[in-house]
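Peer 1: build me a model:
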Amino acid sequence: MIEREEKEVICQNCKKVFQTERQLHAHIKVHKLRVVGYYQKYYPRYDLHNKEIIKYKTKEQYFSTDFNSRTNLRLWLKERAPEEAVNYCKDLLLKRKEKKNLIYTPSQVELRSVLSPPVQYLHEIFKNYYSYCEGIGFKNKYQFPAEMTEGKEYEKSQYSIHVDTREQLPLKWDDYPTQSMTLSVGDYTFSEPKLTCNCYVERKSLADFISTLSVRNFDRFENEIIRAKEMEANLIILVEDTLSNAMNFKYLPYISKKIKVTPEYIFHNVRQLIQKYPHVQFLFVKGRKESKRVIKKIFFSGCSYTKMDLQLAYDLKIL
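Peer 2: Numbering: from 1, shown residues only. From the prediction side, this is the model:
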């Protein structure tokens, strides 16, 4: 873990000096101020689109964002001249690269889980998102997705989809055989690893996904990712809910209100794992039926899935 050296901080109300921000945040209560009010009063920042005060969630978020919503960002960019929009988006990417020590070109899940335009918009204004990112110092894992085709070799009678014995309510395909067995990682794989570049899919409900990426279960989950790496496997974490719902799970009636962790914390962990482990992808789809369709399509596409950002392919209706 990288240790951060904290500088002295000064209360802007009374000019008292503190050694840490935590001490400052505890102190400002004597001025009858909350942390939100303190920063908005003494360090006001405004949405570039509608000029409203930036909403405060965390200090990092408050000082790093220029908009209160993705809609405002989209509308502001629409009003800009093309060159200005390109420069703003380039600056956005470079700031994240430097601040977060990013190595790989940000994926669709990474971009959609922060206040940034999605890959398809950036691909359009940059002419080619992946080439542009490579030119500013990122390393590409993927290329812009093309059509996924199925090969005839998957129809041979000796092949099947393997399902982990511990899988609860396992998926079944009416038109394709399955075989139950204990898998080292994930819940689903194909019987012939060479045909799928050793692909494993771990299926999760949204509640399972939140629990897995929380503090209590995170280390165990990362160990599974490391195990997949040792197996030279590609691991896809398939969540049976939309990415939009996952980013707003606090407001969903079917997610327990007892969950204290925030979407910001969960997706911070997701983004770190994506950058740290290039053999891992996160994919959010619309429910169990879609999960079944997507798993089969990925397996039957051979190794082509390894060259594409699966969330982007799904959003573009290629997957």
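Peer 1: so residue 134 makes contact with residue 140?
Peer 2: Yes - using Cβ atoms under 8 Å, residue 134 is in contact with residue 140, at 5.5 Å. In this view, the C-beta of every residue, glycine as well, is placed from N, C-alpha and C.
Peer 1: let me know the secondary structure of the residue lying closest to residue 59 once chain neighbours are set aside.
Peer 2: Distance criterion Cβ to Cβ, 6 or more residues apart in numbering; nearest residue to residue 59, sequence neighbours excluded, is residue 39 at 6.9 Å. Three-state call for residue 39 (DSSP: H, G, I helix; E, B strand; the rest coil): helix.
Peer 1: same question, the one 10 residues further on
Peer 2: Look at residue 49: counting by three-state DSSP, its state is coil.
Peer 1: check residue 200 too.
Peer 2: strand.
Peer 1: now do the contacts for it.
Peer 2: By Cβ atoms under 8 Å, 6 or more residues apart in numbering, the contact set of residue 200 is 183, 185-189, 228, 233-236.
Peer 1: now do 10 Å
Peer 2: By Cβ atoms under 10 Å, 6 or more residues apart in numbering, residue 200 lies in contact with 162, 164, 183-190, 193, 224, 228, 231, 233-237, 279.
Peer 1: partners of it in the sheet?
Peer 2: residue 189, residue 235 (DSSP bridges).
Peer 1: hang on, the earlier thing: who touches both of residue 134 and residue 140?
Peer 2: Common neighbours of residue 134 and residue 140 (Cβ under 10 Å, 6+ apart) are residue 105.
Peer 1: in the stretch 151-300 of the chain, what residue spans correspond to helices?
Peer 2: 206-212, 215-230, 243-247, 263-276, 288-300 (DSSP state H, counting those that start in this stretch).
Peer 1: which of these sits closest to residue 59?
Peer 2: helix 263-276 (12.4 Å; Cβ to Cβ).
Peer 1: list the buried residues of the closest one.
Peer 2: Residues of helix 263-276 classed as buried under the neighbour-count rule (16 or more other Cβ atoms under 10 Å) are 263, 266-271, 273-275.
Peer 1: just the mean pLDDT for that helix, thanks.
Peer 2: Mean pLDDT, helix 263-276: 97.
Peer 1: report the distance from that helix to the chain centre.
Peer 2: Distance of helix 263-276 from its chain centroid, counting by Cα atoms, centre = their mean, to the nearest Å, is 6 Å.
Peer 1: okay, angle between it and helix 215-230 too, please.
Peer 2: Counting by axes from the mean of the first three to the mean of the last three Cα atoms, to 10 degrees, helix 263-276 lies at 20 degrees to helix 215-230.
Peer 1: show me where the stretch 1-150 of the chain has its strands.
Peer 2: In the stretch 1-150 of the chain, the strands defined using DSSP state E, counting those that start in this stretch lie at 9-10, 17-18.
Peer 1: any chance of these in CSV, plus distance to residue 80, mean neighbour count and mean pLDDT?
Peer 2: Shown next, in CSV, are the strands of the stretch 1-150 of the chain (distance: least, Cβ to Cβ, whole Å; neighbours: other Cβ atoms under 10 Å; pLDDT from 0 to 100):
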stretch, distance to residue 80, mean neighbour count, mean pLDDT
strand 9-10, 35, 14, 94
strand 17-18, 40, 14, 96
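Peer 1: any stretches of this protein with poor pLDDT?
Peer 2: 1-6 (pLDDT under 70).
Peer 1: repeat that with 50
Peer 2: 1-5 (pLDDT under 50).
Peer 1: now do the domain split for it, please.
Peer 2: For the chain, automatic domain parsing gives the domain ranges 9-44, 80-135, 152-315.
Peer 1: out of the ones you listed, nearest to residue 57?
Peer 2: domain 152-315 (6.6 Å).
Peer 1: ends of the closest one, what's the gap?
Peer 2: 26 Å (Cα to Cα, to the nearest Å).
Peer 1: how many other residues sit next to residue 159?
Peer 2: If you count neighbours by other Cβ atoms under 10 Å, residue 159 ends up with 16.
Peer 1: which non-adjacent residue is nearest it?
Peer 2: Closest to residue 159 by Cβ to Cβ, 6+ apart is residue 191, at 5.1 Å.
Peer 1: would you format the domains of the chain as TSV with distance to residue 68 included?
Peer 2: Formatted as TSV, the domains of the chain follow (distance: least, Cβ to Cβ, whole Å):
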stretch	distance to residue 68
domain 9-44	12
domain 80-135	9
domain 152-315	15
